[in-house]
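[1] sequence-free structure coming up:
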Ligand code: B12
Ligand code: SF4
Ligand code: SF4
């Protein structure tokens, strides 16, 4: 076996479009697992609240032990792609009755592909390599200094702020770990993200309650309480509020539309719900049957939140009501009554 040098792997990853690359040693992350358990105790969150598939009953245990993914694993390569491009600079979305989608979704297909290619590159030399997100990505990246935790619970990086999608490649190739000089934790006395989180999902510095976070709320079928709906603003898939307010991200310069394969800055390519939907669509356009129920529900909630006094918002909801069946209909009725300021329709 001829082992490629660490720098060859890194150069290859960058040539494929990675903005961040770091190598960590494989360990058992018991501190991390203890933190997950404490978080779940404090918030009463179940696995499904973290958006973990029902079949994955040992999800966090698996993440904490990379050798469950690859028994002889020696190293973890962390790859990151920045997600702040010109189409991610939002202006006048409320005025135009547009919905908002999380910035990072645009880069997930890109970083996923890069991880696949890096794994293939390693396997060409006879070692095993498993691409995916089967490790606690932020925790591992923080350990090697690729970034530092912010109080918003996300990893902040010098190069891309927090707008970065990560992926890992777990390999049995013995690649030496990195130890980067960590950026100075920027938070100190700042708690802007905690104050800005509309649902109080950031219930303490560094801690997110997944039962209240708008990101999973917008992505699951699960019933959303009316009082939470009123706090979701115009987010129809994901939520970036705790990142938008962060001074670290305010310094970012938006990059040009990115030519790398799979990257489509106007759409969130290959996202489960957003495929073929424009990044920040007109809410009145996505209430119809052509769109997934989850997106239609979120569009109705968003219209209720930003469409007050706008005849076209109420009109669009009324027009599409006939095509909304079952639970979805209840959300439309609720949105209509909210805009009309009448008592809520029954839930
Ligand atoms: C479960 C999960 C969620 C859950 C829980 C979120 C959370 N913060 O834990 C939900 C569904 C709510 C979620 C939401 C989002 N997620 Co998410 N999520 C994950 C996933 C699958 C695991 C994260 C995890 O392990 N959570 C468990 C907690 C316990 O771990 P932790 O947050 O690392 O906890 C550490 C800190 O709290 C720290 N800590 C505790 N106290 C203190 C004190 C100090 C001083 C310090 C320094 C640290 C510290 O120690 C803990 C670990 O020991 C990862 C993918 C992966 N495989 O890693 C993506 C991931 C973390 N998500 C990501 C993203 C982008 C998001 C969203 C922004 C999506 C969106 N735009 O809507 C939101 C942001 C919400 C937020 N503010 O965190 C990115 C993060 C990129 C980044 N820059 O960090 C990841 C890495 C996915 C990816 N492939 O890139 N997510
Ligand atoms: S908003 Fe302030 S407290 Fe929150 S992550 Fe950014 S710097 Fe830290
Ligand atoms: S993503 Fe939105 S709801 Fe979730 S913690 Fe951040 S601000 Fe709060």
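    Great, that's in hand. Quick caveat, the model's predicted, so the values are computed rather than measured. Ligands and ions are numbered 1, 2, ... in the order given.
[2] who does the closest residue to residue 177 other than its chain neighbours bridge with?
    In space, and not counting its chain neighbours, residue 177 is closest to residue 25: 4.4 Å by CB to CB, 6 or more residues apart in numbering. All C-beta spots, glycine's among them, are computed from the backbone N, C-alpha and C. Beta-bridge partners recorded for residue 25 (DSSP bridges): residue 75.
[3] how near is residue 25 to residue 150?
    24 Å (CB to CB, to the nearest Å).
[4] swap in residue 108?
    If you go by CB to CB, the gap between residue 108 and residue 150 works out to 20 Å.
[5] higher neighbour count, these two?
    Counting neighbours by other CB atoms under 10 Å for residue 108 and for residue 150 shows that residue 150 has the greater number, 25 against 21.
[6] Flag every residue of the stretch 201-347 of the chain that's near ligand 3.
    201-202, 208, 213-215, 239, 241-242 (CB under 6 Å from any ligand atom).
[7] list the contacts for residue 102?
    Counting by CB atoms under 8 Å, 6 or more residues apart in numbering, residue 102 touches 215, 235, 237-240.
[8] change it to 7 Å
    215, 237-240 (CB atoms under 7 Å, 6 or more residues apart in numbering).
[9] So which of these are in helices?
    residue 215 (DSSP state H).
[10] What is the nearest of the contacts of residue 102 to residue 297?
    residue 237 (11.2 Å; CB to CB).
[11] So what's the residue count around that closest one?
    Quick note: residue 237 (other CB under 10 Å) scores 23 neighbours.
[12] in terms of contact, does residue 2 touch residue 125 like I think?
    Yes - counting by CB atoms under 7 Å, residue 2 touches residue 125, with 5.7 Å between them.
[13] Comparing those two, which residue is more hemmed in?
    Neighbour comparison, residue 2 and residue 125: the larger count goes to residue 125, with 14 against 6 (by other CB under 10 Å).
[14] How much space separates that one from residue 8?
    For residue 125, the distance to residue 8 - CB to CB - is 10 Å.
[15] and what of residue 40?
    For residue 40 relative to residue 8 (CB to CB), the value is 41 Å.
[16] Could you do residue 167 as well?
    19 Å.
[17] who's more crowded, the two?
    Neighbour tally, residue 167 and residue 8, criterion other CB under 10 Å: the higher count belongs to residue 167, 27 against 12.
[18] Under a three-state scheme, what state does the residue nearest to the spatial centre of the chain occupy?
    Residue closest to the mean C-alpha point of the chain, counted by CA atoms, centre = their mean, is residue 104 at 5.7 Å. Three-state call for residue 104 (DSSP: H, G, I helix; E, B strand; the rest coil): helix.
[19] Stretch 196-213 and ligand 1, any residue contact?
    Yes - on the criterion CB under 6 Å from any ligand atom, stretch 196-213 is in touch with ligand 1 at 206-208, 210, 213.
[20] Please convert the buried members of those into PyMOL selection syntax.
    A single PyMOL command is used to select the members of the residues of stretch 196-213 next to ligand 1 judged buried by 16 or more other CB atoms under 10 Å:
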select buried, resi 207+208+210+213
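[21] My read is that residue 210 contacts residue 52, right?
    No - using CB under 7 Å as the test, residue 210 is too far from residue 52 to be in contact (9.6 Å).
[22] Break this protein down into its domains, please.
    Following automatic domain parsing, the chain resolves into domains at 6-171, 192-255+283-340.
[23] any chance of the ones you listed in CSV, plus mean pLDDT?
    As requested, the domains of the chain are arranged in CSV below (pLDDT from 0 to 100):
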stretch, mean pLDDT
domain 6-171, 96
domain 192-255+283-340, 97
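[24] out of those, nearest to residue 266?
    Using CB to CB, the nearest of the domains of the chain to residue 266 is domain 6-171, at 5.7 Å.
[25] Quote the end-to-end distance of that closest one.
    Domain 6-171 has an end-to-end distance of 12 Å (CA to CA, to the nearest Å).
[26] how far does that domain sit from the chain's center?
    10 Å (CA atoms, centre = their mean, to the nearest Å).
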